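J.: need a structure here:
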Amino acid sequence: MNNGKPAYLTLLLALLHGIAGISILVISAWFIAISAIAPVGFNYVIPAVVIRALALLRIASGYASMWFGHNDLLARIARARVRVFRQLENSQITDKAYTTEALAQHTEELASKWIAWVAPLSSVVFIFTGLCAAAVYLDLPGAFYILALFVAWLVSLAMQGLSALTLAKKANKANKLFRQQSSDFFNRSAIWHLDKSMIESDSASSNPNSTKIPSASQVWRYQQAQKAKAQRTAWWFQGLAFLFVVLVMSGVSPVASAFVFAPIAIIIPMVLLAAPDWASAGFLSVSKFAQYKQSVSALKQLKATPIKQYRDREIIHSLNLIQFSAKGRHASMVDASLPANGVVCISGPSGCGKSSLLQSIIGLLPAIGAREIDGVGMPEGMVTNWRYVEQEPVVLSGSISLNLDPAGNDISQNEMYDLLSALGLEEILPLTSWVGKAGRPLSGGERKRLALARAILAKPPVLAVDEPFEGLDSYTQQKVSKVLNSLSSTALVLVASHTTPDTLKVKKHLQLGEADIKTSRQTQCAIS
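T.: The predicted structure is shown next:
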């Protein structure tokens, strides 16, 4: 099944749902009117059967539209996130908090366009156009009011759309600011008790400017303003529709006298009465369209720093570090010869630069000194397929399989399952389980092992893992150690950790010394 077929099927089913609904209204109105003047022998069964059949069709098409639409939504979310990953390929994210939100929220907005606004708007436009054409063609009494209401709906929809675009842009900016402030706020959680601005009296707490705690109230207000604007427009449209009904039914209108001789004339006032029920959905849909446009713009403006990358080179004998250290970081200077495969454990006191060393070896951070593969110098940048697993990895809002294969490399599900089982993650299976935002919450240890599995499945020749055993019990540490031992038979595994399980087969230890803050003198590392 091609990518566009489910979306078009969703649209057709939504149109069928709308057509069935308006057909029930029209036929029921005619049936009520004709029953009042029907002659003896009039067959009441056929209209009743038609109405019942249309009702069943409306129910079936509604459920089918939802089923196809939501299945298509999940597939489109996956494809949208793969596109974002390709957009960020070979780049380092400079604003992780907002980028994570973009992957979760904005990709959902893009993927949901068919069920959020394309299908509802298309359905209303199609039905309205068809009603106007039928009213004019059949020369129904009061057709002018249907045409006038359609024009009023288009005008109000355009005005609502312009307002929604402005509000969506403001909401997007407010959301970005809130995410940045929240990230900064929680990153300094360890010193909250030292920040006097966090300590408020009861009287000061009523003043929103007396605290530095980030608030989502501005985002909420813009979101509520979107809904309120759509609701006001819907009420205005409903009032206009009811006004037209009064005009149609008044004695000054030629339509009122037509009821006696032409029961079909009742269709126009019935359609006007019901118009707010099926046409007002367009006002909320155009707000969804505005959010979609902002999400498209936001994803195009994701900020990332390009990382120089060059093709993988096989390590035959060793990876040598000569007077090597992360540039601009207060970290130890390293002289070391690392084996082509095996586990190298990097240890040292907090602040000595273990994480910075891992990132600079991989090439995520610029470095001073030299990296050499078998005596040949490596330029600055990251070698293809070298992987780094950070202390607080990102978990996408999506399935387990999407998190393990975000780039869409068609990794075998059996391979995913076996690796997760080896890491002790059977509880988060099956692979279709939804995690992240609005999904199954994962503990810190589960997130780290999921990220470790994602890196291992890429089959890296060099894998750097930052604190892989932190927060894990001894049994789980043994399982992680076993997986790293297995990988180390064919790859170089760099592990920065305060904890080294006995089951981890360490080939070389790299002990970093604490940098001298007063003199900015960097100590040499000791190798055992």
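J.: In the chain, where's the longest strand?
T.: Longest strand of the chain, by residue count under DSSP state E: strand 318-326.
J.: Who does it pair with, and is each partner parallel or antiparallel?
T.: Strand pairing for strand 318-326, using DSSP bridges, gives strand 334-339 (antiparallel), strand 367-373 (antiparallel).
J.: Contacts for the last one, please.
T.: Translated: strand 367-373. Here strand 367-373 makes contact (Cβ atoms under 8 Å, 6 or more residues apart in numbering) with 313, 315, 318-327, 333-334, 360-361, 377-378, 380. Using the backbone N, CA and C atoms, a C-beta is placed for each residue, glycine as well.
J.: Filter those down to the buried ones, ChimeraX style.
T.: For the buried members of the contacts of strand 367-373, the matching ChimeraX selection, counting by 16 or more other Cβ atoms under 10 Å, is:
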select :315,318,319,320,321,324,325,326,333,334,360,361,378
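J.: Could I have the CA atoms of the longest strand of the chain written out in CSV?
T.: Written as CSV, here are the backbone C-alpha positions of strand 318-326 (Å, rounded to 0.1, in the frame of the first residue of the first chain):
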residue,chain,number,x,y,z
SER,A,318,45.3,1.0,18.0
LEU,A,319,43.7,4.4,18.5
ASN,A,320,46.3,6.8,19.9
LEU,A,321,45.6,10.0,21.8
ILE,A,322,48.5,12.4,22.0
GLN,A,323,48.2,15.4,24.4
PHE,A,324,44.5,15.1,23.7
SER,A,325,41.7,17.0,25.4
ALA,A,326,38.4,18.6,24.7
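J.: mind checking pLDDT for Y475?
T.: Here, the pLDDT recorded for Y475 equals 91.
J.: Now do the helix or strand harbouring it: which elements does it pack against?
T.: Using DSSP states H and E, Y475 falls within helix 474-487. On a contact count with 3 or more Cβ pairs under 8 Å, 6 or more residues apart in numbering; DSSP states H and E, helix 474-487 meets helix 413-422, helix 444-457, strand 492-496.
J.: any idea which residue sits dead centre in this protein?
T.: Nearest to the mean C-alpha position of the chain, by Cα atoms, centre = their mean, lies A104 at 2.3 Å.
J.: so what's it up against?
T.: L396, S397, G436, K437.
J.: Name the SS class of it, please.
T.: helix (DSSP: H, G, I helix; E, B strand; the rest coil).
J.: Same check on Q224?
T.: Going by three-state DSSP: Q224 is helix.
J.: per-residue pLDDT, it?
T.: 89.
J.: same check, this time on I456
T.: 93.
J.: One more: the one 4 residues further on?
T.: According to the model's per-residue confidence, P460 sits at a pLDDT of 88.
J.: Would it be right to say that it lies in a strand?
T.: No. With three-state DSSP as the criterion, P460 is assigned coil and is not in a strand.
J.: circling back to that earlier point, put the alpha carbons of the helix holding Y475 into CSV.
T.: Extracted in CSV, the C-alpha atoms of helix 474-487 (Å, rounded to 0.1, in the frame of the first residue of the first chain):
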residue,chain,number,x,y,z
SER,A,474,23.7,-5.6,40.4
TYR,A,475,21.7,-8.2,38.3
THR,A,476,21.0,-5.7,35.6
GLN,A,477,24.6,-4.4,35.7
GLN,A,478,25.7,-8.0,34.9
LYS,A,479,23.4,-8.2,31.9
VAL,A,480,24.7,-4.9,30.5
SER,A,481,28.2,-6.0,31.1
LYS,A,482,27.6,-9.2,29.2
VAL,A,483,26.3,-7.2,26.2
LEU,A,484,29.3,-4.9,26.3
ASN,A,485,31.7,-7.8,26.6
SER,A,486,30.1,-9.4,23.5
LEU,A,487,30.3,-6.2,21.5
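J.: orientation of it relative to strand 492-496 in degrees?
T.: 150 degrees (axes from the mean of the first three to the mean of the last three Cα atoms, to 10 degrees).
J.: and helix 474-487, which residues are buried?
T.: In helix 474-487, counting by 16+ other Cβ under 10 Å, buried: T476, Q477, Q478, K479, V480, S481, K482, V483, L484, N485, L487.
J.: Identify the residue nearest the fourth one in space, chain neighbours excluded?
T.: Take K479 and drop its neighbours on the chain: the residue closest to it by Cβ to Cβ, 6 or more residues apart in numbering is G424, 4.5 Å away.
J.: residues contacting the residue nearest to R449 when sequence neighbours are not counted?
T.: Spatially, and ignoring its direct neighbours in sequence, R449 is nearest to L423 (4.6 Å; Cβ to Cβ, 6+ apart). Listed by Cβ under 8 Å, 6+ apart, the contact set of L423 reads R449, L452, A453, K479, V480, V483.
J.: What of G130?
T.: I19.
J.: Could you point out the helix or strand that follows the strand or helix carrying it?
T.: Following DSSP H and E, one finds G130 within helix 119-137. Counting by DSSP H and E, the next helix or strand C-terminal to helix 119-137 is helix 143-187.
J.: quick one: low-confidence parts of this structure?
T.: The model of the chain has pLDDT under 70 over residues 1-4, 36-38, 89-103, 186-212, 251-264, 304-312, 514-528.
J.: Cool, thanks, signing off.
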